[in-house]
Each structure stands twice: as C-alpha cells, then as structure tokens.
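Chemist: When you get a sec, could you give me coordinates for this:
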Amino acid sequence: MSDRYPLERIRNIAIIAHIDAGKTTVTERMLYYTGLTYKIGNVDDGTAVMDWMQQERERGITITAAATTCYWKDHRVNIIDTPGHIDFTAEVERSLRVLDGAVVVFDAVAGVQAQSEAVWRQADRYNVSRICFINKMDRIGADFNRTVSMIEQRLHAVPLVIQIPIGSETTFNGIIDLVDCKAWHYEADPDAEPELITIPESEQKNFTEARRRLVEKLAELDDQTMIAYLEETEISNKDIKDAIRRITIASRGVPVTCGTALKNKGIQRLLDAVNDYLPSPLDMPPVRAIEIKTNTEVIRPINDEAPFTALAFKVVSDPFVGRLVYLRVYAGHINAGGEVFNSTRRKKERMGRLLLMHSNHREDIAEADAGSIVASLGMKNTFTGDTICTDDQPVVLESIRFPEPVIKLAIEPRTRADQDKIGEALNKLAEEDPTFKVKYDNETGQTVIAGMGELHLDIIVSRLLTDFGVSANIGKPQVAYRETITVPVRAEGRFVQQSGGHGQYGHAVIELEPAESGAGFQFGDKTKGGIIPKNFIKPIEEGIREAMESGGRAGYPVVDVKATLVDGSYHEVDSSEMAFKMAGSMAFKEGLRKAKPVILEPIMKLEIIAPGQFLGDIISDLNSRRGHIEAIETEYAGTCIIRVMVPLSEAFGYTTSLRSLTQGRATHTMEFYKYREVSAELAENIIAIGRKNA
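Modeler: As a prediction, this is how the structure comes out:
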C-alpha cells in the first residue's frame, strides 16, 4: 500500500457490544481523535459517520458493519463497527471471523447485558483477543466495580483492571492509569483537552490497592511476572505492560478501561490500549487452509511473499460504484487489476479497483498486502465466505457459519414496474446478507422472504424502497417451522420408466435415523462391491436433500437427519443420474412417512429488564405465551432481570405488549436459542393452518 505499515504496527479490531452500550459513539470519537474526521458525529443527531445508511440514521441503531481505517501513534488501526441488535448477528459473526482483536463496550449502569453475552460467546468461538471499555461512567447509577464483577461472573472472564475512574456518576472527572501511574483530569467542557495531573491525594489509597491487585493477578496468569513477584524483584511499568499484552493475546485475561464516549472522556487512553495490548497480524497463528490438489492442511505464513490468500467476508451492493466485496488478506499481496482464483467456486476472477473503506467513502489503493482489510470492485462471482487465492496454489479457508432464519413472510410487488425489479433487488440483498433468504413458492405463486426477526425483515423491506426504488406489500410474519424424524427406519425408492428407446432406472435403499439437534443433514454410503456405480451416489444424496427441502406432512423443511445408502441396483443402459436422483427422493419420502415425523418450532431466549413493580404482570403475560421462566434477578434500584424461553410464534409484537404492561419503562432483547418439538395438539393446529394458507 502507499501508506505501508509494518505488520507489527497494524491492528484489525471490531467494536462489539449490547445495543445502546455506545459502540458507534466510541468509534466516532476514535475517528475524531485519530484525525480521520474533523467533526464529531453523533448517533442521536443522525450525523454518525459509521451509521451511514438512511435506516440507521432514522432509527439510531447500527444495522450493517461499517469498516474504516485510522492512524494512532504510528499504528494503522482497521476498525469494524458492528450492530448490537440480535437480528443483525451475522454482521458480528463475519467481522469476528476475520479480525484479530475487539473492543467490547459495556454500559456502566446496566453492566453485562444479554447481547453482551452473545457477542462475547462469538468472540470466544473465533478466539478473538479483547479489551473492555466501561462506557457512560457519568450516568446516574454508573458502577465501575459492579460492571467488572459482572464481567467476571457472567462472562467467566478474567478482568485486568488497568484504569480506575476518579469519581463516578455526575462527579466522574478523570482516569488513573494503573500501569503508567498517571492520572488525567477532564473538564466539564467535552472539547477541552484532558490534563495530565499527579494522582490526587484522595485517590492514592485506591490507586495503590488497585495496582497491587493487578500485579497479583498478572503473577497468577503469567510465568515471567510470577518469577519476578516471588523473587521480590522490582516489576517495572514496561514489564507490567508486556505481561498484559501476552495475557491478552493468549485470551487468558481482558484489560478493562473506562470513560464516557459521548463527553469525549477516555478515548485517547482506549486507543493507547488498542496499540499496546491487542494483537497485530504477526501475533496471530499462521492461517490454516486445505490445499485443493492434495486435500491436505497447509499453513500460509503472514507475509507478502507467501502465495496470495484472502477470505471474502462481506458483499455490498453500493448504489454508486456497484458490487463491493470486502476481503481480509491473510497472506501474500495483490495489485489492483490482478487476476485471482475463487477456490470455493472454482472460478477465475479479476480484482478490479482496490479500495480502502472509510464507512461509505472509498479511497483507491494500488495494492493490498498481508494483514490488510480492503474492498474490491469487479468480482462478480464471489460471495460471503469464499476463499480468494492464486490458481497455481489453490487453497480453501474455513468458511463462515451463519444461523438459519427463523421468521418468514410473503412479499409481492405493488405495480407491474416493481414486479420487474423486485427479483433482482431481493437477490442483491440476499448476496449481502447470508441470514436473509428468498424463495419462490411455485404452489402459491408467492415470493417468501425469511430472516432473523421482525426488525430484520422490516429493514429489508425499507431498503427495497430506498436503495432499489421498489414498493412492496408484505404479509403477516410467519414462523419458520421445521420437521424431523424420531425413529430409525429403512426405506426403498425405485424409479422405473419405459418409453420406446432408452428407459430410466434407479433403485436405492437407505436407512434414516435421527441426528442430534442442530446437526443438519448427514449422508453416508455403505454400499459395497459396486452395486451402485460411484457416479450415481451424489445424485441420490441430491435427491434426498431436495425431498428434505420440500418438507414432510406439514410441508416444512426436514432437518437433523442422518441418511445412509445401504443397497440398490442399476441398469447398464437405462440408469442415469436423474433416475437415481428420483430414487433417492422417493426413498426419503417413503422413509419419512414411517419415521414418526414431528414438527419443531423455534424457541427464543428473551431477557427483560423492568422495574420490579411490573414483575407480576410481565410473568402472567409470559405464562400466557407458553414462556418458560429460567431466572429472575433483582439488580440495581429495584430493577428486575427476567430470563425466559418463549416460542417465536408467541413472541410476535411483544415489544408493543411489554410497553403497554410497563408504561414504556421496560426493555428487552430476544435471540434464537434452538428448535424444540411441539405438542401433538399444537402440531395439528400448525398443519391445519399450513393447509389453509396453501
């Protein structure tokens, strides 16, 4: 790149948190203090740089992960600001898959919230190193120590407190750095520069105790510090900083900082912590990939001389420049206009323009090097999760897993002009968002869209109008039910047709058995002696998959089934791939009828935060919705936290109901938990409604 930085001075980070914890505000302040923006953007005013979509500015929430690059003290920091709402969890998932570190933002009043736990688990899954920023320290009810305790208890993390606040709530006016033994004072004026001061006399005791606890915790987690601690040799500030960095990169502990982003307090110190403690690409283990030619695992070292290897983690239909593909370059480098190979799709692609993204603004660059995050124009056949590499050394990286949509609704264009455009618009939106699915129902003639929640689909419909100029009518939300089998069975499918010349012959015998919940579809081949030629095995699997998709007795897709091909026969002349595909489909349908199928419904994990006076009304309402109360906790100022499992079918419109029950004083978050079998009585009702709608 033109502004080439050594790999050890690059940070690829995400900003993640519960909704309304202040992620975007933190990011906006980072951009301001690193000189990327000359004016601070605000979410409430609709001027946030990172919330550039019209829907984001109207609603005051982040919907899509926005990427930017900024520079702080001779480091290049690539930042992705992610959504906090569970409906847009795919944005967090794909961001964490390609990043090395994260800043987790917590509300100092609410502490660890439901979505805080969800994003923490996602970061655990990808082994992403983290720093905690306890935000909103100036709010009434802010409690730094309580939030640190919640990080330890609810997230099962080891917090390394490296800063403590001076004052709290309305008296919050400074920060003490426990590592460098410095203090900063903040004026009431948010635009005033922080003043470096000596640690106040009134805070000396707190500082001494907090620093002692930090050193002791480092000694528990880090061998080098332990030796120095036991030998009672002096542990310098640099030693402490190096130990924190080692522990953070190894994900054994998380540094904790604090401040108030809205009032510009603590952001420079947070940027220092990002540079000091979060990993560079060199600190990460070399990326592992599967070499296509040999089907063996290979390692791609993180340097520019290695064969080019990158992962496409996001696709965006930009109304001004066209189709943008976001890439994380793991190894090697590529020039703009260079030819690459999409090993996932087995297709060559031309890397058109290369762009460094600043939210929705673009900066052309000549080349992309190892460790960078860039966007490319001109890659027409590349989708989220695809591996991009060189065609002479093709490899495949681990893709990105996304949750299945749980809610669906019918959509139809309002006018003839809209009808011509709606299909293309929906396909572009589906390319961008892997949790958004589009399906055309041949029986009803309807287009059905599916997503992660009511807000998710509401945003999709809004974007159809604003981004693509398509007006649409939508039906009522429907639950995405599933079916599965409960007993193992053996089934046979025989497809035989005779019509003058060549006929059709396919014969397959399969065994079906229930798989674990969430396992999806598993296929195995136990045939021996070539009773079915190898080239007909794949069509049998495809036939079973298609039959599963078309559904069982209620017409819903079948999931969590293990199918094993055990027998069959073929004809030298009449057998074909199509015949065996039909045989596989027929065998599955016969087996499904015998395997005692049941209907599964999506269960949502609901967390409600409400004043204690409304607890009885809320619980009564949840019981009427078939809710299963998991826990009730009493928190600060008489506030209750209710954790409950509730079927999605009973949760439609819950926001409105909760507001009316609590005079608008309660908040809630809801995320998909798992599919669960419905009762026989409810199953009959679901089948009856399905037939009526059909």
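
Chemist: which regions of the stretch 351-500 of the chain sit below the pLDDT cut-off?
Modeler: Across the stretch 351-500 of the chain, the ranges flagged by pLDDT under 70 are 359-361, 441-445, 499-500.

Chemist: part of a helix, is residue 466?
Modeler: Yes: when classified by DSSP: H, G, I helix; E, B strand; the rest coil, residue 466 is found to be part of a helix.

Chemist: ok, how many other residues are close to it?
Modeler: 13 (other Cβ atoms under 10 Å). Where you see a C-beta, it was placed from the backbone N, CA and C, and this is true even at glycine.

Chemist: isn't residue 154 right up against residue 112?
Modeler: Yes: in this structure, residue 154 sits in contact with residue 112. The criterion is Cβ atoms under 8 Å, and the distance is 4.5 Å.

Chemist: Name the nearest residue to residue 425, sequence neighbours excluded.
Modeler: Nearest-residue entry for residue 425: residue 468, 3.9 Å, with adjacent residues in sequence omitted and distances by Cβ to Cβ, 6 or more residues apart in numbering.

Chemist: what does residue 304 give?
Modeler: The spatially closest residue to residue 304, leaving aside those adjacent along the chain, is residue 333, at 4.5 Å (Cβ to Cβ, 6+ apart).

Chemist: got it, and residue 650?
Modeler: Beyond its immediate neighbours in the sequence, the residue positioned closest to residue 650 (Cβ to Cβ, 6+ apart) is residue 625, lying 3.7 Å away.

Chemist: Would you map the strands across the stretch 101-250 of the chain?
Modeler: With DSSP state E, counting those that start in this stretch applied, the stretch 101-250 of the chain shows strands at 101-107, 129-135, 159-161, 163-166, 174-177, 182-185, 195-197, listed in chain order.

Chemist: Beta-bridge partners for residue 374, please?
Modeler: For residue 374, the beta-bridge partners are residue 327 (DSSP bridges).

Chemist: The residue nearest to residue 425: how many residues sit nearby?
Modeler: Neighbour number of residue 468 under other Cβ under 10 Å is 17.

Chemist: Test my guess that it contacts residue 421.
Modeler: Yes: counting by Cβ under 8 Å, residue 468 touches residue 421, with 6.4 Å between them.

Chemist: which residues are common contacts for those two?
Modeler: With contacts defined as Cβ atoms under 8 Å, 6 or more residues apart in numbering, no residue is adjacent to both residue 468 and residue 421.

Chemist: Name the helix or strand for residue 310, please.
Modeler: With elements delineated by DSSP states H and E, residue 310 resides in strand 309-318, which encompasses its position.

Chemist: Could you pull out the buried residues of that strand?
Modeler: Residues of strand 309-318 classed as buried under the neighbour-count rule (16 or more other Cβ atoms under 10 Å) are 309, 310, 311, 312, 313, 314, 315, 316, 317.

Chemist: Could you give the average pLDDT over that strand?
Modeler: In this model, strand 309-318 carries a mean pLDDT of 85.

Chemist: What's opposite the nearest residue to residue 634 once chain neighbours are set aside in the beta bridge?
Modeler: Among residues not flanking residue 634 along the chain, residue 640 sits closest, at 5.7 Å (Cβ to Cβ, 6+ apart). Per DSSP bridges, residues listed as beta-bridge partners of residue 640: residue 610, residue 634.

Chemist: what's near enough to touch residue 640?
Modeler: Residues near residue 640 by Cβ under 8 Å, 6+ apart: 608, 609, 610, 611, 612, 615, 632, 633, 634.

Chemist: wait, the second one sits on residue 110?
Modeler: Meaning residue 609. Yes: A contact is recorded between residue 609 and residue 110 when judged using Cβ under 8 Å, the distance being 7.2 Å.

Chemist: Between these two, point out the one with more neighbours.
Modeler: Counted by other Cβ under 10 Å, residue 609 and residue 110 do not tie: residue 110 has more neighbours, with 23 against 18.

Chemist: thinking again about what came up before, lowest-confidence entry in the contacts of residue 640?
Modeler: Checking pLDDT across the contacts of residue 640, the minimum falls on residue 634 at 79.

Chemist: How about the contacts made by that residue?
Modeler: With contact taken as Cβ under 8 Å, 6+ apart, residue 634 is in contact with 612, 640, 641.

Chemist: buried set for stretch 657-667?
Modeler: Using 16+ other Cβ under 10 Å as the test for burial, stretch 657-667 gives 658, 661, 662, 666, 667.

Chemist: what's the average pLDDT for it?
Modeler: Within the predicted structure, the mean pLDDT of stretch 657-667 is 81.

Chemist: Check stretch 21-31 too.
Modeler: Per-residue pLDDT over stretch 21-31 has a mean of 84.

Chemist: returning to that earlier point: what about the residue nearest to residue 634, distance to residue 605?
Modeler: Distance of residue 640 to residue 605, given as Cβ to Cβ, to the nearest Å: 17 Å.

Chemist: on that earlier part again, mind checking pLDDT for the residue nearest to residue 304?
Modeler: What the model reports for residue 333 is a pLDDT of 87.

Chemist: now for the host helix or strand of residue 409, which elements pack on it?
Modeler: Following DSSP H and E, one finds residue 409 within strand 407-413. With contacts taken as 3 or more Cβ pairs under 8 Å, 6 or more residues apart in numbering; DSSP states H and E, strand 407-413 sits against helix 416-432, strand 446-451, helix 454-468, strand 472-474, strand 478-479.

Chemist: Name the residues that touch the first one?
Modeler: Spelled out, that is helix 416-432. The contact list for helix 416-432, computed with Cβ under 8 Å, 6+ apart, reads 314-317, 323, 383-384, 411, 413, 436-438, 447, 449, 460, 463-464, 467-472.

Chemist: now do the last one
Modeler: The set of residues that contact strand 478-479 without belonging to it, under Cβ under 8 Å, 6+ apart, is 406, 407, 408, 409, 410, 601, 602, 647, 648, 649.

Chemist: looking at it, the fifth one is touching residue 475, isn't it?
Modeler: It refers to residue 410. Yes: proximity of residue 410 to residue 475 meets the contact threshold set by Cβ under 8 Å, at 3.8 Å.

Chemist: Can you identify the element that follows the helix or strand of the chain with the lowest mean pLDDT toward the C-terminus?
Modeler: Scoring the helices and strands of the chain by mean pLDDT, DSSP states H and E places helix 54-59 at the bottom, with a mean of 44. Using DSSP H and E, the helix or strand that follows helix 54-59 in sequence is strand 66-72.

Chemist: picking that back up, how about JSON lines for the buried residues of strand 309-318, with distance to residue 571 added?
Modeler: Formatted as JSON lines, the buried residues of strand 309-318 follow (distance: Cβ to Cβ, whole Å):
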{"residue": "309", "distance to residue 571": "46"}
{"residue": "310", "distance to residue 571": "47"}
{"residue": "311", "distance to residue 571": "45"}
{"residue": "312", "distance to residue 571": "44"}
{"residue": "313", "distance to residue 571": "47"}
{"residue": "314", "distance to residue 571": "49"}
{"residue": "315", "distance to residue 571": "45"}
{"residue": "316", "distance to residue 571": "50"}
{"residue": "317", "distance to residue 571": "48"}
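
Chemist: between those, which is nearest residue 256?
Modeler: Distance ranking of these against residue 256, using Cβ to Cβ, places residue 313 first at 28.5 Å.

Chemist: who's in contact with the closest one?
Modeler: Residue 313 sits next to 94, 95, 97, 98, 326, 327, 328, 384, 385, 400 when contact means Cβ under 8 Å, 6+ apart.

Chemist: What are the contacting residues of the helix or strand that contains the third one?
Modeler: Same thing as residue 97. According to DSSP H and E, residue 97 maps onto helix 89-98. Around helix 89-98, the neighbours that count as contacts under Cβ under 8 Å, 6+ apart are 12, 14, 16, 63-65, 80, 82-83, 102, 118-119, 122-123, 125-126, 128, 311, 313-314, 328, 373, 384, 400-403, 433-435, 452, 671.
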